[in-house]
Each structure stands twice: as C-alpha cells, then as structure tokens.
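Trainee: Below are the sequence and a predicted model for it; my questions follow.
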Protein chains: 4
Amino acid sequence: MQVSLINYTPNPELIIAVAARSSASSLSVEEVQHKLAQEQVTNLLKQLLSSGHLSPFEHVSFTFAIEGISRITSHQLVRHRLASYTQQSQRYVSVREHGYITPPTISARPEFLAKYQQAVRNAQELYNLMQEAGIPNEDARFVLPQAITTQLVMTMNARELLHTCSLRLCLRAQWEIVELFTRIKAEVEKVAPFLGAELKPKCYRLGYCDERESCGLFPKRKS
Amino acid sequence: MQVSLINYTPNPELIIAVAARSSASSLSVEEVQHKLAQEQVTNLLKQLLSSGHLSPFEHVSFTFAIEGISRITSHQLVRHRLASYTQQSQRYVSVREHGYITPPTISARPEFLAKYQQAVRNAQELYNLMQEAGIPNEDARFVLPQAITTQLVMTMNARELLHTCSLRLCLRAQWEIVELFTRIKAEVEKVAPFLGAELKPKCYRLGYCDERESCGLFPKRKS
Amino acid sequence: MQVSLINYTPNPELIIAVAARSSASSLSVEEVQHKLAQEQVTNLLKQLLSSGHLSPFEHVSFTFAIEGISRITSHQLVRHRLASYTQQSQRYVSVREHGYITPPTISARPEFLAKYQQAVRNAQELYNLMQEAGIPNEDARFVLPQAITTQLVMTMNARELLHTCSLRLCLRAQWEIVELFTRIKAEVEKVAPFLGAELKPKCYRLGYCDERESCGLFPKRKS
Amino acid sequence: MQVSLINYTPNPELIIAVAARSSASSLSVEEVQHKLAQEQVTNLLKQLLSSGHLSPFEHVSFTFAIEGISRITSHQLVRHRLASYTQQSQRYVSVREHGYITPPTISARPEFLAKYQQAVRNAQELYNLMQEAGIPNEDARFVLPQAITTQLVMTMNARELLHTCSLRLCLRAQWEIVELFTRIKAEVEKVAPFLGAELKPKCYRLGYCDERESCGLFPKRKS
C-alpha cells in the first residue's frame, strides 16, 4: 500500500482559524488574517474541536494518491460520500500486472497461504486467457478475486478527515482500512502537525467507547 | 437480479408539483395542494424537467431492495453519493451460500464457461475451508471473485434517480448496471407512471449524444 | 409559525430496522421484514443510536410545510445542507400581505414595540409604493426587514433530523429556530413515536454539555 | 462588493488532468503526473467538459472572502449545498457599522432613493437604540432591512463552480448574484485561466437556452 499527499490547500490550519474567527468578528477577513498569531491559531482549533463546531474545517482539503489497496477496501472507502474519488477503471485498464493483497491471518497459516496464492494466480491466468480471446476487460474481471489491488485519487476536506479517521482508526475497523487511514494521518501530520495529531479514533473525542465491545483504550459508556 | 420497491413517499408526483408551485405562489402550501388537478401536475412536472429546475424532485424518495448483483456493480452503484445505502456486510455475514454472476460474453463461450464456473467454485471452496479453520470472514473473502453477489437497501430521491438513470441507462454503461437501472425504472413506473417514463438516458434530455461514440439513438453534437 | 408534516415514507421505524438488520443477515430483505416484531424494531433502533450507527436512519424522510418563519430563521435553516428545500420566492411572489415576526424581547419592551411595528410598517409601505411604480419585486424587497415571514417545503431524512435537532433544540440556539424544531419534533412524534422522542439536544446523546456554558441540563465535560 | 481568492489548491488544472488520466491508465499517479505536458492538460480538460465527465474537477477547490453582499444574496448563495460557508454571525457581531446595498433600479429613481436611504437609516438607528437598551443583537436585527451587508468565507470545488456559474451567470439570475459570480470567475481566471474561461452560463454548454425566455445569446431549444 502506498499513500502520498499529492496536493492540499496551503496553510490549512491558518485558513481554518481565519474562517472561524471572521464569523464572530466585525473585522474584514483580511484584517483577521493579519492579526492571528500561530499560538492563537492552535488555541482556536482546539476550541472548535472541543465544542464540535467543525464547519470551518471544511475550508481545507487534501488530495491523496492511494495505490495498492484491495477492491474490498476501495469499496468500503467510497462509502464515505463527502469526498471526491477518481478510481482506476477495470473497464478501460487491463489488470494483468496488478498485485493482490494477502491478509495477515492467511499469511500466518502456511496450509492456506499456498492455496490462496494459487487461487489468485489461477484467476489471473483465466482473466488473461479470456481477455486475449476477445472477452472485454469489464467482463473478464468478474473472475478476479477481491484481493486484487486498485489505485485511486481521493480528495477529502479536513472535517471529513476528522470524521472518517474517528471511525476508521478504531481498532474494530478492518485491518486494511486501518492501515490506509494510519498512512493518511501520517501524510497530513507532515504538513499540518496539529490537525494531523487530531485525527484519531472517536473514543478520544467522546471520552468513552460506544462500540459493542471496547478494545480497552477507553471504557464503555455507563448507561 | 431482483429489484423491489419496498417503500416510497406517497403521491410522489403531486408532492413535487405542490412544492414547485408553492415557491411561486402567495398561497399557503395547503391551498396550493387543494387547487392542483392531476393534469396540472403533469404539465408542471414537464415544465420543471424542460427548464432544468429539478430541486422539487428531491422531495420524494424511493427505497429499493436490490438482490443478486455482483460486487462489481455494487461498487459502481455506491459511487453515486446522493443516495443512502445499507449493504450486506461480508464481515458479519458468511457468503457461503451466495450466488455469482456470469457475464453473457462468458456464457456465450463454452470453452471459457466451464473454466469460469470451476474457478468460482474453487474460490468458494477455499473460502469455506479457511472460514471453518478460523480465518475470519472478513479475511477469507479476499479470495472470492468479484462475481459473487451481494444485496443492499438503497434509497434515492427522484432528482438523483433522474440523474443516475441518465447515466446508467446509456448503452455505454456496463450491462449489469444497465439492467439494474432498467429494473429500478420499471419499479418506479408502477407507482409514478409519468416520473418513471422520464427516467431515460441523458441523450433524450440533451437532444444529442455527448459520449465519444454515439450508439445511434441520437447524433453526436456538432462542434 | 405553522409546521405541518405533509408527507413521509410510511412505516419509518420498521424500514430503518429492516435495512439495518438485513446488512448483518444472510436472509433476503423480504424475509427480514417478515421476521421483525415491533419490540425488536425498537430495540434495534436503540442499539443503532447508542453505537452511533446512524446510516440506516437515512432510508426514511419527512416533508414539512413550514410557514410564518422569519427570513432570519430560513437563512439559518437552509445552512443544513443534507436536506431539500423549496422556498417561496421573493422575486416571483409579492410579499405585500406577508406577516412579520416580533421577538419576545421586543414585545416585552413597550417603549420599543411601537417603534418596531412602525418601522416594519413603513418598510412595507415603501415596498408597496416602489412596486406599484414599477420597481421589480426582487429589488423592492431590499427595504423589507429580516422579520418578514416566508414559507417553504422542507424534506429531511431521519438521520439529518437527529443531527439538526441535536443542535437546534439546544437552548443556546436562537429562540425562533428552537421553536421551529420543537414543532418538527412534535410532528414526527405523531407518526413515529420512538423516533420523535429521540429528537433531542446533543447533550442527551453525549452525556455532557460541549458548549462554552452549560444551561444546567447536563454538566460540562471534565477536561 | 469585494471578492478575493484567499486560498486554492495549487496547480489546479494539472491535478484535474492527473486524476482523470490515471483512472484510465495502468501507470501510477506519479508516473502520469510526470508525463502530462501542459498542452495535454488543456486538451484533456476540454474532453472532460464536452463529454460531461466532471468528477475529476472536484479534486481542486477555491476559497473566497466575500464581503459587502446583501443578506438577500447570501441567502441565495448558501442554497448551493455542495460548498462550505462560514458566514459572519448577526448574533455575535453587532452590525452597527455595516453598509447596505442599493439596487440600481432604486438608485435610478430619485423619488424613491431618498426614502429608501431614510428607511434603512431609521432601521439602523432603531437597531442601535434597542441594542444599547439591552435587547440582544440576535433580536434587534429583526428590524434590519435585507439590504444590510454581510461577509463570508466560501470554499467551492471546481465542479460546483462550473455548475453554480452555469446558473448564476445566466442573465435571468438576480443582478447582485450575477455580479458576485462574475467576480468569482475573474478571481479564478487569474490563477487557472482555462478553467476560469470555462465558467459560463449553461446555454454555452447546452447549445440552447432552456429558460422560459431567452435573452438572445442562444436560441430556445426546438421542442
């Protein structure tokens, strides 16, 4: 899996703070921007987060190239509707040379690993065979396992990043999507350290675990 | 594939017309509703469609149970973000007894059909084997082909149905999703005949084909 | 202010439960629907709410005719983007006979009430005068006070109703929009008693107040 | 009215092209980016626009500080739901020193202009009086005319800019919002000349006028 931040709105933390502050100020946006020192920026972001006033976080967005994830994970990922995706097409692109994902629980079991690898290879060979014989890509791919990898470009604003990370960094999420959002968080931290650090499972925000069973990080809420 | 309309907002065409009319009327919504005869309803909907004033179509929505589509098609489907989906989980539900889709281009080629069926069966057997041996569903499923079927509940408002049908009833869309939206259209027609009849490829609305190559239904736009 | 529920998806609580249950079941949607008893429906909704799994609530929506609210409140209301609005146009509809809202804090001060009423009347008279003299509605309305009333049709799904009520039933929201959502809640309760009862300020869900100052209903979160 | 572009995703046209191209390529996103020359970028954007494949335009967004527009126009503006807004609050900010908009049709009529100005001034004075006497900002503002100006920060992606400009640059839109989007277009043109030039009324895209009456720029569609 490879995740790289290929674009983002510059000065993301400042812009969030400027938007938030200008909504409660009689100054112009430009005047607000000149007056905000870095320390105030961080304090303002903290206040917004703790009071759940998250709309200013929508003003900045991050664009990632995501490569080498399974079609299982891309199917889960695009369920987050407040983001923009451009995914590699299996209709227009032949997937002959694509890799595939092996879940760690299968890698750990030698008695299954070989069979798993063989099954994927067999499917790929049948795909190639059908494709060469004139079956369209879009139909040949029905035989390919869900493990096959895909790539996509995703743009998400910071509010939705806070939301998706709150769900997908939870240890109850599937391991592959946890890894994906762990890498997304790492990329954001490079250019927006405060914001990146705030990308964390929902229990940190709530102060308790609202899942059926807690992983132990935070206790279940008393009912 | 099975598509059944399991719920919808009653009197959909009337409600669209009432909302649209009341925006340009000094009467109350109730008064508008009493005054609208069926013939006026249809005329008003036609006007809205021809002038592209589509927001009143958002006030009604349709909920479908969709069963027996491949994960390829469900992955395409959920890319339409202005709708609500609840899909059967491959994490919580074992897919042992699920069917799979065979593309017509493969059915038509006996030399591939048997191999295709065998490949799917082999994958399902390995899935079963791994699952019985304690590999979690969510990991075992990596070996399953994309042909495996899924089911979901989808709710979409009439504006988005107009939009998605305009794209997915185009003959350039993949055959399985064309079939899906053909069935969706048929279900809508049963309870809202005018609206259902208006669910059609984008070329009908535009008056020309804007795809790279026309299927012949409408000519390409002169540039 | 008048709020009336003019349409909604039938059996809303059942449909939410059916969608949720079918995502974790190997049964068909129809089979799930037959098996769900009312008591199970309520228990399932409670589980969804307490664990924050809210997407099944999107499958049902409610359409309201809202009349006699100020343009201040309609401007606030339409900031909720996950809903559909058709608002009476001040371009196409003359507002000569529209009423206006008087805030209670002004009604309570006789020294201002008369001046307030006079100011509104003067603005309305100038509006009428300009309109009769050929100034377009859309320009004459610039002189009208924000207190002037408007009407609109709004459709919102149950997930967004839970969200908007969590914000707008908070006593820190403006009194007019609190009244609006109190009436919306009352309308929902008539047809979906469990769901209606769950429409409440966010502090009930969180277990604490995350606003700067608590109204006393729930304590501030310990930091 | 003042509109200034305060932030945007760098290299917007390149990023759109990279996303689009990588969806139909077996190359990695990085490889695609290296291979795209400027001429190809423009050609690719043209193809996307003419075939209506607009989703790659979502990957770039533009943030504007918008100042000195009436509350009428801000109310219209925020009806576009696929954008992010942070508006100056009339609850937390006193509007004592705000300006107001005078429609040209009123400026052109001396017999109304003086009355209009007097009415606005009277309302502002009553606002000040009530506010000083302890009436909250949020209630005192009910007397203020809709002409009063507001400011906001708006972020919109390029796909939604294409859509909103297609509606709001139409000469049938209200003059103030036409001016707003004319300025938005001018700001985009400074940093993304091709994209900015493509922000135009819908008739340019359609090849005909779908409004009830054409302004003459394009003929009505033959029915």
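Mentor: Structure's in. What do you need? Predicted, not measured: the structure shown is a model, and the values here were computed from it.

Trainee: right, and A:Lys35 touches A:Leu27 too?
Mentor: Yes. Using Cβ atoms under 8 Å, A:Lys35 is in contact with A:Leu27, at 7.4 Å. Placement of C-beta: from N, CA and C, glycine included.

Trainee: higher neighbour count, the two?
Mentor: Taking neighbours as other Cβ atoms under 10 Å in any protein chain shown, A:Lys35 and A:Leu27 compare with A:Leu27 leading, 15 against 12.

Trainee: list the contacts for that one?
Mentor: A:Lys35 (Cβ atoms under 8 Å, 6 or more residues apart in numbering or on different chains).

Trainee: Next, it: secondary structure please.
Mentor: Three-state assignment for A:Leu27 (DSSP: H, G, I helix; E, B strand; the rest coil): coil.

Trainee: Could you check how far A:Leu14 is from chain C?
Mentor: 23 Å (Cβ to the nearest Cβ, to the nearest Å).

Trainee: meant to ask about A:Pro145, not that
Mentor: For A:Pro145, the distance to chain C - Cβ to the nearest Cβ - is 21 Å.

Trainee: what's the answer for A:Ala140, then?
Mentor: Per Cβ to the nearest Cβ, A:Ala140 is found 29 Å from chain C.

Trainee: Helix, strand, or coil at that residue?
Mentor: helix.

Trainee: gap between it and A:Ser94?
Mentor: From A:Ala140 across to A:Ser94, the span is 9 Å (Cβ to Cβ, to the nearest Å).

Trainee: Ok, A:Leu27 next?
Mentor: 57 Å.

Trainee: and if you look at A:Asn128?
Mentor: Taking Cβ to Cβ, one finds A:Asn128 at 9 Å from A:Ser94.

Trainee: Kindly report the same for A:Glu138.
Mentor: 11 Å.

Trainee: Can you point out the helix or strand that includes the spatially most central residue of chain A?
Mentor: The C-alpha lying nearest the average C-alpha coordinate of chain A belongs to A:Phe181 (Cα atoms, centre = their mean; 4.3 Å). Assigning secondary structure by DSSP states H and E places A:Phe181 in helix A:175-191.

Trainee: Now do that helix, average pLDDT.
Mentor: Across helix A:175-191, the average pLDDT comes to 98.

Trainee: Alpha carbons of it, as CSV, please.
Mentor: Only the C-alpha atoms of helix A:175-191 are listed here, as CSV (Å, rounded to 0.1, in the frame of the first residue of the first chain):
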residue,chain,number,x,y,z
TRP,A,175,-7.1,-4.0,9.4
GLU,A,176,-6.5,-2.9,5.8
ILE,A,177,-8.6,0.3,6.1
VAL,A,178,-7.0,1.0,9.5
GLU,A,179,-3.6,0.9,7.7
LEU,A,180,-4.9,3.2,5.0
PHE,A,181,-6.1,5.8,7.4
THR,A,182,-3.0,5.5,9.5
ARG,A,183,-1.0,6.4,6.4
ILE,A,184,-3.4,9.2,5.6
LYS,A,185,-2.9,10.6,9.1
ALA,A,186,0.9,10.4,8.7
GLU,A,187,0.7,12.3,5.5
VAL,A,188,-1.4,15.1,7.0
GLU,A,189,0.9,15.4,10.0
LYS,A,190,3.8,16.2,7.7
VAL,A,191,2.1,19.4,6.5
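
Trainee: what about the strands in chain A?
Mentor: Remark: strands assigned in chain A by DSSP state E are A:2-8, A:61-70, A:83-87, A:149-157.

Trainee: Make TSV from the ones you listed and add mean pLDDT and distance to B:Cys170 to it.
Mentor: Below are the strands of chain A laid out as TSV (pLDDT from 0 to 100; distance: least, Cβ to Cβ, whole Å):
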stretch	mean pLDDT	distance to B:Cys170
strand A:2-8	97	31
strand A:61-70	97	28
strand A:83-87	97	19
strand A:149-157	97	23
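
Trainee: Present these as a markdown table; the columns should include mean neighbour count and distance to chain B.
Mentor: Below are the strands of chain A laid out as a markdown table (neighbours: other Cβ atoms under 10 Å in any protein chain shown; distance: least, Cβ to the nearest Cβ, whole Å):
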| stretch | mean neighbour count | distance to chain B |
| --- | --- | --- |
| strand A:2-8 | 18 | 19 |
| strand A:61-70 | 23 | 6 |
| strand A:83-87 | 22 | 7 |
| strand A:149-157 | 23 | 10 |
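
Trainee: export those strands to JSON lines and tack on distance to chain D?
Mentor: JSON lines is the format used below for the strands of chain A (distance: least, Cβ to the nearest Cβ, whole Å):
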{"stretch": "strand A:2-8", "distance to chain D": "5"}
{"stretch": "strand A:61-70", "distance to chain D": "4"}
{"stretch": "strand A:83-87", "distance to chain D": "4"}
{"stretch": "strand A:149-157", "distance to chain D": "4"}
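
Trainee: Now those in JSON lines, please, with extra columns for distance to C:Thr102.
Mentor: Shown next, in JSON lines, are these (distance: least, Cβ to Cβ, whole Å):
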{"stretch": "strand A:2-8", "distance to C:Thr102": "48"}
{"stretch": "strand A:61-70", "distance to C:Thr102": "43"}
{"stretch": "strand A:83-87", "distance to C:Thr102": "44"}
{"stretch": "strand A:149-157", "distance to C:Thr102": "40"}
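
Trainee: Show me the one of the ones you listed that comes nearest B:Ala65.
Mentor: Ranking the strands of chain A by proximity to B:Ala65 (Cβ to Cβ) places strand A:83-87 first, at 26.0 Å.
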